[in-house]
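Q: quick one, fold the following:
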Amino acid sequence: MMTTVNATKWMILILTSIWIQIEVIRIKGHWIAGGNVAFPFLVAMLLWWCPRVIKDFKGL
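A: Numbering: from 1, shown residues only. Reported below is the predicted structural model:
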């Protein structure tokens, strides 16, 4: 079930991924592998995995 929080996280992930791709192409002149591929995974970890781990660490 898609909650408002999850929908917001998905929008942030998609929009920041598109934005980083456009900026890299604007600056470099072409798309490059590497950070462009890793960025969405890092953002997903930041939005979904880290809050859960922090809550577990705090014991909430």
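Q: ok, now how distant is residue 56 from residue 2?
A: Taking Cβ to Cβ, to the nearest Å as the measure, residue 56 and residue 2 are separated by 23 Å. Where C-beta positions appear, they are placed from N, C-alpha and C, glycine not excepted.
Q: ugh, typo on my part, it should be residue 22
A: From residue 22 to residue 2 the distance is 26 Å (Cβ to Cβ).
Q: helices of the protein, start to end?
A: With DSSP state H as the criterion, the chain has helices at 4-28, 35-44, 50-58.
Q: helix 35-44 and the first one, what's the angle between them?
A: By that I understand helix 4-28. With axes from the mean of the first three to the mean of the last three Cα atoms, to 10 degrees defining the directions, helix 4-28 sits at 160 degrees from helix 35-44.
Q: what sits closest to the most centrally placed residue in the chain if chain neighbours are left out?
A: Nearest to the mean C-alpha position of the chain, counting by Cα atoms, centre = their mean, stands residue 43 at 2.4 Å. Counting by Cβ to Cβ, 6 or more residues apart in numbering, residue 13 is the residue found nearest to residue 43 once chain neighbours are left out, at 5.3 Å.
Q: what's in contact with the worst-scoring helix or strand of the chain on mean pLDDT?
A: When each helix and strand of the chain is scored by mean pLDDT, DSSP states H and E, helix 35-44 comes last, with a mean of 81. Helix 35-44 is contacted from outside by 12-13, 16-17, 20-21, 24, using Cβ atoms under 8 Å, 6 or more residues apart in numbering.
Q: repeat the analysis, applying 7 Å as the threshold.
A: 13, 16-17, 20-21, 24 (Cβ atoms under 7 Å, 6 or more residues apart in numbering).
Q: any chance of a markdown table for the residues you listed, columns pLDDT?
A: Below are these laid out as a markdown table (pLDDT from 0 to 100):
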| residue | pLDDT |
| --- | --- |
| 13 | 88 |
| 16 | 89 |
| 17 | 87 |
| 20 | 86 |
| 21 | 86 |
| 24 | 85 |
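Q: now, of these, which are buried?
A: 13, 17, 24 (16 or more other Cβ atoms under 10 Å).
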